[in-house]
Structures are given as C-alpha cells and as structure tokens.
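Enquirer: sequence and computational prediction follow.
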Amino acid sequence: MQNIRTLNPGRWALGALVLLAVMAMLMPLADIVIHGLPAISWEFSSENPSDAGRSGGIASILVSTALIVGVSRAAAVPLAFGTALLLSEYLSPTSIAASFIRGSLDILAGVPSVVFGLFGLALLCRYLELGYSILAGGLTLACMILPTLTRTMCAAFEALGNQYRIAGSALGMSRAAVLLNVSLPLALPAITAGIVLGLTRALAETAVLLFTSGYADRMPASLHDSGRSMSLHIYELATNVPGGESAAYGSALVLIFLLGVLSYAMHALSHRVQQRYITL
C-alpha cells in the first residue's frame, strides 16, 4: 500500500502532462474543423480559385501540391535509400567517408528551410533556368527532406543488428539476398515512418516554395509551369487577401485530411508488404 501511495502523485503528474499534450493537439485542430467545415463542399474541391481565392475552390492548388510532392518524392526517396544502404551495409561506421556523410546529413537537417529556398532560387530557378516552376519547387523540397529520410532509413537498418546478416551468411545467402528478403521487410515500418515524415514536411512547407514554385493559382499544364502549393495558398489567403479567412480555414482542413490519409495509406501499405514477406 505504501508503494502504491508513493506512485500515485507521479501517476497523476504524468496523466496531467499527457492531458496537456492532448489538449495542445486538439485545440488548434478543433478550431480548424469548426471554422473550416462550413467552407467544404464539392465545388470547393473541384473548382479553381477565383477572386484571389475568396471564392471558387482549390482544384488547381491540389494538383500543384500533388505534383510538387510527387517530384520531391521521386527525387529524394531513391537517393536517400541508396545512401542509407551505403552507410549501413557497405561502409564501416568508423570510416572517414561514413563520418563525413553522417556529419553532412546532420548539418543539412538543421539548415532552415528559407536557406534551401534561396539555394533553389539561385541554382534551379536562375542558374539552370527552370524559373518559378513546380519542378524547381519539388527538387528544392527533395534537397530539404533528404537528410531526414536518409537518417531515418539508416536508423531502421542499423536497429536490426548483425544477427540476420550472420544467419543469412550461415545459410549461404548473399548479402543482396539477405537485404531484399530479410532486412528490408523487417525495416519497412521504420522506413515508411521516415518517408511519411519527410512527405508531410514537404506538404506543409511554405518558405521553400515561396522562392521556387511561385504564386500562380491556375491549373498547371506541365512541371515547368508555376504552381501554388496548399500551404502557400493558406498563407496567401490568411495574410494578403482580405476576406479570405474562410477559404484559408477550409484549405487548412483539407491539408490536414490529406496528411492523415497519406500517413494511413503508407503505413497500411508497409504493413501489407511486411505480412506478405514475413511469416512468424
């Protein structure tokens, strides 16, 4: 009884902290739902913006956002996966090359997003003459999320340890066979979490796209067209468009919904693949 009484204050304090964390998450979400739900309709999701976004919908914004995130994913995920394999499977953790790569990734992960935006503006928009375009915005976002993706994938492979590699070698399996049939399915949930983290950051990014993808709210015809992302559209409506608060709340609610759908879909896909390749 004395031990239980001693633990009760700590449990109450822990419960209070958890309650505060849940409230801090639910309060802004509830505010967005209350103010954004009246703006949601079929027309809102199927029509292009008009009157600077005060009326119409967000169809072109959704398409531009999907293209920007798609470009960033196509550019960043393969490069991050290859770098993670190099660091976890082929380079010694104490080697100079591994230390340099890891240190560079850690530095890049701490660089503010506005610096990546200036980099994309100087290199992609001006030097490579891509202009303010979806392609420039997506490639700049890929540079920004690359450190997060790589470090998460590295941690996923390193958490498995060496026992699977040793067991595979004892069975006569090659390193590539162990990687594809054992290590990769086991690390897939953590890899998926890293991809979701990187893509959700790309979906919510504003500063980078402010310098690279542009403000155009028309329907893009190609990757070389300027396109306004969802986060940039919300920023524009909330700060520069009088009377755009309702559309800004509606767009924010749609963005949160997209983040949730993306996260659920990625985790469901990784769980299905893991069940297919691993039998316990």
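Expert: Great, that's in hand.
Enquirer: and the helix or strand encompassing Leu197, what's buried?
Expert: Assessed by DSSP states H and E, Leu197 sits inside helix 184-204. Residues 184-196, 198-203 are the ones in helix 184-204 that count as buried (16 or more other Cβ atoms under 10 Å). Backbone N, C-alpha and C define where each C-beta goes, glycine included.
Enquirer: got a list of what the nearest residue to Val254 once chain neighbours are set aside touches?
Expert: In space, and not counting its chain neighbours, Val254 is closest to Ile58: 6.7 Å by Cβ to Cβ, 6 or more residues apart in numbering. Taking Cβ atoms under 8 Å, 6 or more residues apart in numbering, we find Ile58 in contact with 44-45, 49, 230, 233, 247, 250-251, 254.
Enquirer: which stretches in the stretch 151-280 of the chain count as helices?
Expert: 163-170, 175-178, 184-204, 207-212, 230-240, 245-277 (DSSP state H, counting those that start in this stretch).
Enquirer: which residues sit in contact with the residue most central in space within the chain?
Expert: Taking Cα atoms, centre = their mean, the centroid of the chain lies closest to Leu199, which sits 2.0 Å from it. By Cβ under 8 Å, 6+ apart, Leu199 lies in contact with 69, 72-73, 145, 262, 266.
Enquirer: can you check Gly227 too?
Expert: Gly227 neighbours (Cβ under 8 Å, 6+ apart): 60, 63-65, 67-68, 133-134, 137, 213-214, 216, 220.
Enquirer: so which of those residues wins on neighbours?
Expert: When neighbours are counted by other Cβ atoms under 10 Å, Gly137 leads these with 36 neighbours.
Enquirer: that one contacts Ser213, correct?
Expert: Yes: with contact defined as Cβ atoms under 8 Å, Gly137 counts as touching Ser213 (3.0 Å).
Enquirer: which other residues reach stretch 123-141?
Expert: Contacts with stretch 123-141, where a contact means Cβ under 8 Å, 6+ apart, come from 64, 67-72, 74-76, 116-117, 119-120, 202, 205, 208-209, 211-216, 220, 223-227, 229.
Enquirer: buried residues, that stretch. List them.
Expert: 123-125, 130, 132-141.
Enquirer: strands - which of the contacts of stretch 123-141 land there?
Expert: With strands taken from DSSP state E, there is no overlap with the contacts of stretch 123-141.
Enquirer: can I have the buried ones of those as a ChimeraX selection?
Expert: Burial among the contacts of stretch 123-141 is assessed by 16+ other Cβ under 10 Å; the matching ChimeraX selection reads:
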select :64,67,68,69,71,72,75,76,116,117,119,120,202,205,208,209,211,212,213,214,216,220,223,225,226,227,229
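Enquirer: strands of the stretch 1-150 of the chain, start to end?
Expert: Applying DSSP state E, counting those that start in this stretch to the stretch 1-150 of the chain gives strands spanning 49-50, 55-56.
Enquirer: among those, which is the most enclosed?
Expert: Per-stretch averages of neighbours, counted by mean count of other Cβ atoms under 10 Å, single out strand 49-50 among the strands of the stretch 1-150 of the chain, with a mean of 18.
Enquirer: I'd say Gly117 and Gly214 touch.
Expert: No: Gly117 is not in contact with Gly214 according to Cβ under 8 Å; the separation is 12.0 Å.
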